[in-house]
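Student: let me see the structure of the following:
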Amino acid sequence: MSTPFRARNPLPIGIAGLAAIALVLLGAFNAASLPIIGGGQNYAADFTEAGGLRSGDEVRIAGVRVGKVTDITLDGNKVNVDFRITEDVAFGPESGASIRMRTLLGQKFLSLEPRGRGQMPEGTTIPTSRTVSSYDIINAFSDLTETTERIDTKQLATSLDTIAAEFKNTPENVRTALDGLTRLSKTVASRDAELKALLRASNSVSATLADQNKVVEKIIQDADLLLQELYERRDAIHTLFTNTSAMAVQLTGLVRDNRAALGPALTQLRGVLDTLRKHEEALTQTIDAMAPFTRVFASALGTGHWFDTYIQNLTVPIGVPGR
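Tutor: Numbering: from 1, shown residues only. Sure, this is the predicted structure:
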């Protein structure tokens, strides 16, 4: 005979329930890694430079999201990027990969460039010969500034003048080209200070944008949270608008239904107000005249549940001689 469920020891039942809940939560937080729920095929690509790519960034083919980056590790003098393809897409065994800019704020994504026939076997690593790293525009401005600051513009102009003199007996088109190079070098030399200042300012602007990157990202994230909150409360806002509209309809109907009764009442009230306005001066005088009586009356009744009064000559005053 089996023991009824209510009569069983609740301790092992509670432990088993907590263990089941823990397993469910563990599976929910690691759903992407489960063989059936997570799905997808794992690949890797070697890059000479990570270029700001992060774990969790998107993997795209022709601009369409097909997976995400799962891990980024340093392997000697190269970077190994692991990624998972979750969509049913085909890319050949000669496919390449590149790191590209997703937004102006510096977010990147991994772009696959399908090449070859068939399907790349799962677990394949794309070598560095078929990958292209991203080059940050901030680094480009910085390198350009440092390079131009090391150029001796006067020596460059002298060198170009010497070349032009040596080639003065060359054909006309060559002399014209060299003459143009000479004028260009002189122009660059004359604007050396302005060019350096411009490049320094560009470097400062790019550095400022890089410093404020997280601030702009935070603003966009906050705006996204606000839009999500408004979206979640869309039904409540819709209900509020609907009820307000219904109330306006009810008030309109109420006024329309009682217009016949409200019209004469308002007309009579207007007549009363006109009469009071005509006798305003008389009413004021009446109120002023009632003031002494009101004061005496309040004094007479101000001692409790009775009132004070005085009757003259009703009795003989005590102590009056001859009386």
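Student: in the stretch 151-300 of the chain, which spans are helices?
Tutor: Taking DSSP state H, counting those that start in this stretch, the helices of the stretch 151-300 of the chain run over residues 153-166, 172-190, 192-211, 213-232, 234-257, 259-278, 280-300.
Student: including mean pLDDT, could these go into JSON lines?
Tutor: Shown next, in JSON lines, are those (pLDDT from 0 to 100):
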{"stretch": "helix 153-166", "mean pLDDT": "68"}
{"stretch": "helix 172-190", "mean pLDDT": "71"}
{"stretch": "helix 192-211", "mean pLDDT": "73"}
{"stretch": "helix 213-232", "mean pLDDT": "80"}
{"stretch": "helix 234-257", "mean pLDDT": "82"}
{"stretch": "helix 259-278", "mean pLDDT": "80"}
{"stretch": "helix 280-300", "mean pLDDT": "78"}
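Student: for residue 72, find the nearest of those helices.
Tutor: Ranking these by their distance to residue 72 (criterion: CB to CB) puts helix 213-232 first, at 19.3 Å. Where you see a C-beta, it was placed from the backbone N, CA and C, and this is true even at glycine.
Student: how about TSV for the helices of the stretch 151-300 of the chain, with distance to residue 89 added?
Tutor: What follows is the helices of the stretch 151-300 of the chain, written out as TSV (distance: least, CB to CB, whole Å):
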stretch	distance to residue 89
helix 153-166	51
helix 172-190	50
helix 192-211	34
helix 213-232	28
helix 234-257	35
helix 259-278	70
helix 280-300	90
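Student: rounded mean pLDDT for stretch 125-142, please.
Tutor: For stretch 125-142, the per-residue pLDDT values average out at 73.
Student: make JSON lines out of the helices of the stretch 151-300 of the chain and add mean neighbour count.
Tutor: Output for these, formatted as JSON lines (neighbours: other CB atoms under 10 Å):
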{"stretch": "helix 153-166", "mean neighbour count": "14"}
{"stretch": "helix 172-190", "mean neighbour count": "14"}
{"stretch": "helix 192-211", "mean neighbour count": "13"}
{"stretch": "helix 213-232", "mean neighbour count": "11"}
{"stretch": "helix 234-257", "mean neighbour count": "10"}
{"stretch": "helix 259-278", "mean neighbour count": "10"}
{"stretch": "helix 280-300", "mean neighbour count": "10"}
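Student: looking at those, which is closest to residue 53?
Tutor: Smallest distance to residue 53 across the helices of the stretch 151-300 of the chain (CB to CB): 15.4 Å, for helix 213-232.
Student: tilt between that closest one and helix 192-211?
Tutor: What separates the directions of helix 213-232 and helix 192-211 is an angle of 40 degrees, with axes from the mean of the first three to the mean of the last three CA atoms, to 10 degrees.
Student: per-domain residue ranges of the chain.
Tutor: What automatic domain parsing lists as the domains of the chain is 40-134, 139-210.
Student: out of those domains, which comes closest to residue 273?
Tutor: For residue 273, the closest of those is domain 40-134, at 67.9 Å, according to CB to CB.
Student: for the protein, which strand is longest?
Tutor: Taking DSSP state E as the criterion, the chain has its longest strand at strand 64-75.
Student: what separates that strand from the chain centre, distance-wise?
Tutor: Its chain's average C-alpha position is 26 Å from that of strand 64-75, according to CA atoms, centre = their mean, to the nearest Å.
Student: before we move on, what about stretch 96-105?
Tutor: A distance of 22 Å separates the centroid of the chain from that of stretch 96-105, by CA atoms, centre = their mean.
Student: outside of it, which residues touch it?
Tutor: Residues from elsewhere that reach stretch 96-105 (CB atoms under 8 Å, 6 or more residues apart in numbering): 45, 47, 50-53, 57-58, 81, 107-113, 115, 126, 130-134, 213, 216-217, 220.
Student: all strands for the stretch 1-150 of the chain, in order.
Tutor: Here the stretch 1-150 of the chain has its strands, by DSSP state E, counting those that start in this stretch, at 41-47, 58-61, 64-75, 78-85, 96-101, 108-113, 125-126, 131-132.
Student: distance to residue 254 and mean neighbour count added to these, as JSON lines?
Tutor: JSON lines is the format used below for the strands of the stretch 1-150 of the chain (distance: least, CB to CB, whole Å; neighbours: other CB atoms under 10 Å):
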{"stretch": "strand 41-47", "distance to residue 254": "68", "mean neighbour count": "20"}
{"stretch": "strand 58-61", "distance to residue 254": "58", "mean neighbour count": "20"}
{"stretch": "strand 64-75", "distance to residue 254": "56", "mean neighbour count": "15"}
{"stretch": "strand 78-85", "distance to residue 254": "64", "mean neighbour count": "20"}
{"stretch": "strand 96-101", "distance to residue 254": "62", "mean neighbour count": "19"}
{"stretch": "strand 108-113", "distance to residue 254": "61", "mean neighbour count": "21"}
{"stretch": "strand 125-126", "distance to residue 254": "75", "mean neighbour count": "18"}
{"stretch": "strand 131-132", "distance to residue 254": "73", "mean neighbour count": "19"}
